[in-house]
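In: Below are the sequence and a predicted model for it; my questions follow.
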Amino acid sequence: MLFHPNGAGLIKRVCETELGIVSQCCQPQNILKSNNHQFLENVSLKINVKVGGRNTVLEKALCRKIPFVSDRPTIIFGAYVTHPQPGDESSPSIAAVVASMDWPEVTKYRALVSAQGHMEEIIQDLYINKDCGMIREHLVAFYQNNKCFPHRLIFYRDGFYQVLLYEVDAIRKSYNFLNQVVEINISCIRRAVPPAYYAHLAAFQARYYIEGGDLSDGGSAAAGPDGVMRERVRKVRALPEIMDNVKDVMFYC
């Protein structure tokens, strides 16, 4: 639990992209209040998921009775794009994609974030090529956790249905390297559900990574899977890379 006079943004950026640790920021006055048990309990729940724990599990998940999830290995995605504040005409938009890693419980969501063009709603890095992309990286992580690739994909997207015309194609391309038929279900929503809400939290937290930085460059080099450098022609620079051990826990909660 850390305190810093410059606020949470610097702490989050340094911890998650340089040190490889999770953090919990709190106002000192809230910690020191007497009889503040509810606040402390809520902070404890946040810390628990950030270090890889679970706070709740559905009984139906344990009994493998959740429709469209329990009958076969299933990965659930949530996606969200956050845009700059009104009046800001240069800062990039931030995309976040989370994915469940613990089938059949589906309670732990890994997150990836990416900067993209100003006010760009379509998530550009879902698929980059057959070896790189947010969907592919999540699929590989799912395999490492479950010893199998998912047979079903459920994708929750907080946005307008039109963006899915591009994004569904990116998802299908990402599955080509699996060489198997995969069932894909898409939901476009305008309200928070857990997966889309987690993506919302991750996208807003990632904005801390660019505060005080210049991300208006014309191109970038970013690390892909296994540390391979990939060149991307972008309107903005890539975000600082989140450390691998941080990606695997719900650091954004």
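Out: Happy to help now that I have it.

In: In space, what's closest to the residue nearest the centre of the chain - neighbours in sequence excluded?
Out: In the chain, the C-alpha nearest the mean C-alpha coordinate belongs to Ala111, at 2.4 Å (C-alpha atoms, centre = their mean). In this structure, Ala111 finds its nearest non-sequential neighbour in Ala202, 4.1 Å apart by C-beta to C-beta, 6 or more residues apart in numbering. To be clear about C-beta, it is placed using only N, CA and C from the backbone, and glycine gets the same treatment.

In: Specify the local secondary structure of the one you found.
Out: Secondary structure state of Ala202, per DSSP: H, G, I helix; E, B strand; the rest coil, is helix.

In: My guess is it contacts Ser114. True?
Out: No: Ala202 is beyond contact range of Ser114, at 10.6 Å (criterion: C-beta atoms under 8 Å).

In: okay, and the common contacts of those two?
Out: Common neighbours of Ala202 and Ser114, counting by C-beta atoms under 8 Å, 6 or more residues apart in numbering, are Ala96.

In: For the stretch 1-150 of the chain, which segments count as helices?
Out: For the stretch 1-150 of the chain, the helices defined by DSSP state H, counting those that start in this stretch occupy 8-14, 28-32, 37-50, 59-62, 134-146.

In: which stretch among the ones you listed comes nearest Arg172?
Out: Checking these against Arg172 by C-beta to C-beta gives helix 134-146 as the closest, at 9.5 Å.

In: what's the following helix or strand after the closest one?
Out: Remark: after helix 134-146, the chain's next helix or strand is strand 152-158, criterion DSSP states H and E.

In: now the angle between helix 134-146 and that following strand, please.
Out: Interaxial angle, strand 152-158 versus helix 134-146 (axes from the mean of the first three to the mean of the last three C-alpha atoms, to 10 degrees): 130 degrees.

In: who does whichever helix or strand comes after strand 152-158 touch, helix- and strand-wise?
Out: Downstream of strand 152-158, the first helix or strand assigned by DSSP H and E is helix 164-175. Helix 164-175 is packed against helix 134-146, strand 152-158, strand 183-189, with contacts defined by 3 or more C-beta pairs under 8 Å, 6 or more residues apart in numbering; DSSP states H and E.

In: what stretches of the protein score poorly on pLDDT?
Out: Under the criterion pLDDT under 70, the flagged ranges of the chain are 1-6, 162, 179-180, 187-192, 211-235.

In: Report the outermost residue of it with respect to its centre.
Out: Distance-from-mean max, the chain, by C-alpha atoms, centre = their mean: Ser34 at 35.4 Å.

In: What distance do you get for it to Leu40?
Out: Separation of Ser34 from Leu40 (C-beta to C-beta, to the nearest Å): 11 Å.

In: what's the answer for Glu105, then?
Out: 26 Å.

In: If you count surrounding residues, which of the two has more?
Out: Glu105 (18 against 13; other C-beta atoms under 10 Å).
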